[in-house]
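Visitor: starting from these lines, generate the structure:
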Amino acid sequence: MSVSAIAALMTYRGEMTSAPAEPLGARIRRLRTGRGWTQRELAEPGYDRGFLAKVETGSRPPSEEMLAYLAQRLGLTVDELRFGRPPGVAAELRASLDEGYRDLEQGRVADAEARFADVAKQAAGYHLDDVECYARFCQAEVKWQLFDVAEAQRALEHAEELAAAAPPWLRAMIVHRWSGCRYLSGDAGTAIARVEDELAARPADPDAELCLLTALIHPLMEMGGLHRARQAAEDGRRLARAAARPDFVARFHRQASQVWQAIGRADRAAEDLTEAVRLFASVGFDRDAARCRWARGYFLRRLGRLDEARAELTAARDQLAAIGADEGVAGATLELAQVRVREGATEDAAALVSEVWPLLARDVEARGEATALRGHIAQARGDLETATRLLREAAEIQTGASLHGAAVSTALRLGDVLRQRGHLDEAIDAYRHGLDSAATDS
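Guide: Numbering: from 1, shown residues only. Take a look at the predicted model:
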């Protein structure tokens, strides 16, 4: 926001509570006298001076026609006159929210939170439902950033109360994040169904549709729906050419890279991650750029390029920690622990998992992954009894949350551990469970 815009906001910030309570007649009188006009000069030729005098004293309310006439004479919109809005306040408040969102992405959480609360209060006072909805969404993003999934969902539902006034892209983003909260809470089915319902209603613009398709990809893949996830990625690839918001396009590329990795298109996955980093950097979204580095580290691990993966994940974890993104720190650290296991450094891996364990209660997917990783570490140490217990616990978490992709890997590892222990019948049951999970397609 420009210096002049900030100054303008400061001049009317003090009016935000008093302006809506100011009687309409008194406001008309204040605006008239501020211009040095007489009642006759404002009223004529449409109305006579006496009628305007009654309006200004509050003894006669103006009709809608008269209100429109007076607003036009004063150079205002009807709502600016009715609610005491300074001209251009809606655009200034939206710009303030945009700036606050960049603060949030760059780790200035307290500054962003204060700005969002201030704008929400002003927007409510000026009856700007669309701006208030955006401010409420931004407040939910603070909770998301702080990895407080339950509070983020409540804040999103608060924003959704005003969603009818919001632009399509914002309505879609509210659904995107709400479904993300449900997914992290272990309710992947509800998360997917909500997004698919919104898509079936035919979103009004490419940004909204792209946002919703992006929200589908990861949950679908974890529930075993790779075919549907690929269709979402292909549809999104076409839509991205028409989308106007670079942050939405970047989020899509980051998620779509998972699909291309899963089907063996490493070239396309690399292209998508590179483009996502470029787009996030172009709008100053440091948190999301760091999350792309986390995704790139995962990609490199899958390719067996462990040194590069370790470097990328360490950088991602450090960047996310610097801006207070706990959810990202947990995810990047668990992925780094996977690399250390592959490198034979099981003690380092165990320490990394312990470091983020307190964060995992709020994310069922990460908790399942970390429990399975602890089982893997126990197996590497030769503690097969502990490995069996942890892998069974992880399988229960993943199956209960319909995370079929993760459940397959866990079941196969559990079968191997049981076979090592000589429990062949139990091993066969575990392998069968893995096959059942692999065959599940939501």
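
Visitor: so where's the stretch 151-300 of the chain uncertain?
Guide: By pLDDT under 70, the stretch 151-300 of the chain has no low-scoring segment.

Visitor: if you set the cut-off to 90 instead, what comes out?
Guide: Low-confidence regions of the stretch 151-300 of the chain, defined here as pLDDT under 90, cover residues 186, 202-204, 222-224.

Visitor: just the helices in it please.
Guide: Remark: helices assigned in the stretch 151-300 of the chain by DSSP state H, counting those that start in this stretch are 168-184, 188-200, 206-222, 226-239, 246-262, 266-282, 286-302.

Visitor: same list (those) but as JSON lines, adding distance to residue 428 and mean neighbour count.
Guide: C-betas here are computed from N, CA, C, even on glycine. Below are the helices of the stretch 151-300 of the chain laid out as JSON lines (distance: least, C-beta to C-beta, whole Å; neighbours: other C-beta atoms under 10 Å):
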{"stretch": "helix 168-184", "distance to residue 428": "32", "mean neighbour count": "23"}
{"stretch": "helix 188-200", "distance to residue 428": "28", "mean neighbour count": "18"}
{"stretch": "helix 206-222", "distance to residue 428": "25", "mean neighbour count": "25"}
{"stretch": "helix 226-239", "distance to residue 428": "26", "mean neighbour count": "19"}
{"stretch": "helix 246-262", "distance to residue 428": "27", "mean neighbour count": "24"}
{"stretch": "helix 266-282", "distance to residue 428": "34", "mean neighbour count": "19"}
{"stretch": "helix 286-302", "distance to residue 428": "28", "mean neighbour count": "23"}
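
Visitor: can you redo these as TSV with distance to residue 389?
Guide: As requested, the helices of the stretch 151-300 of the chain are exported to TSV (distance: least, C-beta to C-beta, whole Å):
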stretch	distance to residue 389
helix 168-184	25
helix 188-200	25
helix 206-222	24
helix 226-239	30
helix 246-262	30
helix 266-282	35
helix 286-302	26
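
Visitor: which one of these lies nearest to residue 111?
Guide: Taking C-beta to C-beta as the criterion, helix 286-302 is the member of the helices of the stretch 151-300 of the chain that comes nearest to residue 111, at 14.3 Å.

Visitor: so which elements touch that closest one?
Guide: When contacts are defined as 3 or more C-beta pairs under 8 Å, 6 or more residues apart in numbering; DSSP states H and E, helix 286-302 packs onto helix 89-105, helix 246-262, helix 266-282, helix 306-322, helix 326-342.

Visitor: and the contacts of the first one?
Guide: Contacts of helix 89-105 with the rest of the structure, by C-beta atoms under 8 Å, 6 or more residues apart in numbering, involve 1, 5, 8-9, 12, 80, 109, 111-112, 115-116, 119, 122-123, 126, 128, 130-131, 134-135, 138, 141-142, 145, 283-288, 323.

Visitor: ok so, going back, would you turn the helices and strands packed on helix 286-302 into a markdown table with distance to residue 180?
Guide: As requested, those are arranged in a markdown table below (distance: least, C-beta to C-beta, whole Å):
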| stretch | distance to residue 180 |
| --- | --- |
| helix 89-105 | 16 |
| helix 246-262 | 11 |
| helix 266-282 | 17 |
| helix 306-322 | 17 |
| helix 326-342 | 10 |
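
Visitor: gap between the spatially most central residue of the chain and residue 136?
Guide: Among the residues of the chain, the smallest C-alpha distance to the mean C-alpha position (C-alpha atoms, centre = their mean) belongs to residue 177, namely 4.5 Å. For residue 177, the distance to residue 136 equals 12 Å [C-beta to C-beta, to the nearest Å].

Visitor: ditto for residue 111
Guide: Residue 111 sits at a distance of 18 Å from residue 136 (criterion: C-beta to C-beta).

Visitor: could you check which of the two has the larger neighbour count?
Guide: When neighbours are counted by other C-beta atoms under 10 Å, residue 111 and residue 136 differ, and residue 136 comes out ahead with 26 against 14.

Visitor: can you check the pLDDT for residue 139?
Guide: The per-residue pLDDT reported for residue 139 equals 98.

Visitor: repeat that for residue 126.
Guide: Spelled out, the predicted local distance difference test score at residue 126 is 89.

Visitor: helix, strand or coil for the nearest residue to it once chain neighbours are set aside?
Guide: Spatial nearest neighbour of residue 126, chain neighbours left out: residue 85 (4.7 Å); criterion: C-beta to C-beta, 6 or more residues apart in numbering. Under the three-state scheme (DSSP: H, G, I helix; E, B strand; the rest coil), the conformation of residue 85 reads as coil.

Visitor: give the contact list for residue 85.
Guide: Residue 85 makes contact with 19, 77, 79, 126, 128, according to C-beta under 8 Å, 6+ apart.

Visitor: the stretch 1-150 of the chain: strands as residue ranges?
Guide: Counting by DSSP state E, counting those that start in this stretch, the stretch 1-150 of the chain yields no residue ranges for strands.

Visitor: how is this structure carved up into domains?
Guide: The domain map for the chain lists 167-284, 285-362, 380-442, with the assignment taken from automatic domain parsing.

Visitor: quick one: closest of those domains to residue 368.
Guide: domain 380-442 (3.9 Å).

Visitor: what mean pLDDT does that closest one have?
Guide: In this model, domain 380-442 carries a mean pLDDT of 89.

Visitor: then stretch 57-77?
Guide: 90.

Visitor: buried ones in that stretch?
Guide: Buried residues in stretch 57-77, defined by neighbour count with 16 or more other C-beta atoms under 10 Å: 62, 66, 67, 69, 70, 71, 73, 74, 76.

Visitor: from the residues you listed, which is closest to residue 398?
Guide: For residue 398, the nearest member of the buried residues of stretch 57-77 is residue 76. The distance, counting by C-beta to C-beta, is 58.5 Å.

Visitor: list the contacts for that closest one?
Guide: For residue 76, the contact set (C-beta under 8 Å, 6+ apart) comprises 31, 87.

Visitor: from residue 370, how far off is it?
Guide: Taking C-beta to C-beta, one finds residue 76 at 58 Å from residue 370.

Visitor: if we can go back for a sec, I'd like to know which of the domains of the chain is closest to residue 153.
Guide: domain 167-284 (3.9 Å).

Visitor: so how far is residue 250 from residue 315?
Guide: Between residue 315 and residue 250 the distance is 18 Å, computed by C-beta to C-beta.
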